[in-house]
Structures are given as C-alpha cells and as structure tokens.
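# please find the sequence and the predicted model below.
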Amino acid sequence: MTDLIDTSKPAKRVRRMAREPKQAAEMHAIAEPAVANAIKTSSKANQVLQLLMRPEGATIAQMVTATGWLPHTTRAALTGLKKKGHVVTSEKITGEERVYRAAAAE
C-alpha cells in the first residue's frame with residue numbers, strides 16, 4: 001500500500017506587517033507646518049516647562065496633576081529639560097515637598 005501522507009515541507013508564507021510603515025517624506029507631507037507647531041506648543045513637556053517658569057515654581061504633585069504622568073516620568077521630563085539647556089533648580093520648602101523652578105534655555 002502506498003503512503004498517502006505528504007512528507008514534503010510546506011512552502012514558507014511571506015510575512016507582512018499589519019500596517020506598512022510610511023516613508024518619512026510621506027509623514028512630513030501629511031502634517032502641515034502650522035498644525036505641527038500647534039501640537040508642539042501644547043505638549044505635556046511644554047506644560048511642565050510653563051509650570052516651572054512661574055515665580056512660585058511647581059511641585060512634582062502639581063506637574064503630575066497637570067500632565068497625568070507618573071512621578072518617575074515627570075522627573076525624567078525634568079532631566080530632559082536640563083539636557084535641552086534649561087536650568088532646573090529645586091529647593092525644599094518647610095515640610096516634605098520640593099519646589100522646582102526653571103530658567104529659559106541659553
């Protein structure tokens with residue numbers, strides 16, 4: 001009796017991504033410059049910077065409330081602002097809270 005089971009390997013299936021990535025030129029052509037600037041000015045990092053530039057500064061709790069970030073993410077954003085050239089200072093006010101302030105980038 002002949003064997004009816006096919007022992008050859010099946011052909012490999014071509015893998016595709018669920019969504020093909022767009023080319024960089026296509027992505028920039030879609031976003032208009034005015035829209036891109038509007039998005040950039042209303043980013044959460046800019047919200048944090050605005051809070052820090054107030055005369056009274058801001059606490060981590062205030063920045064967390066304003067952005068919806070976790071405290072460790074907010075502290076990482078402060079590090080990012082320092083890397084961009086902003087002078088971020090902190091001082092401990094009576095009690096447990098620390099107040100952060102920033103000066104403009106040089």
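Thanks, I have the structure now. Numbering: from 1, shown residues only.
# low pLDDT regions in the protein?
1-3, 5-6, 17, 20-41, 104-106 (pLDDT under 70).
# try 50 this time
Counting by pLDDT under 50, the chain shows low-confidence ranges at 35-39.
# can you list the buried residues in the helix ranked longest in it?
Once the chain is assigned using DSSP state H, the helix that runs over the most residues is helix 71-83. Taking 16 or more other C-beta atoms under 10 Å as the neighbour-count basis, helix 71-83 is seen to contain the buried residues 74, 77-78, 81. (Glycine included, C-beta is placed from N, CA and C.)
# nearest to T7, of the residues you listed?
When these are compared for distance to T7, the smallest value, 59.3 Å, is given by A77; criterion: C-beta to C-beta.
# residues contacting the closest one?
Counting by C-beta atoms under 8 Å, 6 or more residues apart in numbering, A77 makes contact with 44-45, 48, 63, 67, 69.
# what's the angle from the helix or strand harbouring A45 to helix 71-83?
A45 is located in helix 44-52, with elements delineated by DSSP states H and E. With axes from the mean of the first three to the mean of the last three C-alpha atoms, to 10 degrees defining the directions, helix 44-52 sits at 80 degrees from helix 71-83.
# export helix 44-52 to PDB, keeping only CA atoms.
What follows is helix 44-52 as a C-alpha-only set of coordinates in PDB (Å, rounded to 0.1, in the frame of the first residue of the first chain):
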ATOM      1  CA  LYS A  44       2.900  67.900  28.100                       C
ATOM      2  CA  ALA A  45       6.600  68.800  28.300                       C
ATOM      3  CA  ASN A  46       5.800  72.400  27.500                       C
ATOM      4  CA  GLN A  47       3.100  72.300  30.100                       C
ATOM      5  CA  VAL A  48       5.700  71.200  32.600                       C
ATOM      6  CA  LEU A  49       8.000  74.000  31.500                       C
ATOM      7  CA  GLN A  50       5.300  76.600  31.900                       C
ATOM      8  CA  LEU A  51       4.600  75.400  35.400                       C
ATOM      9  CA  LEU A  52       8.300  75.600  36.200                       C
END
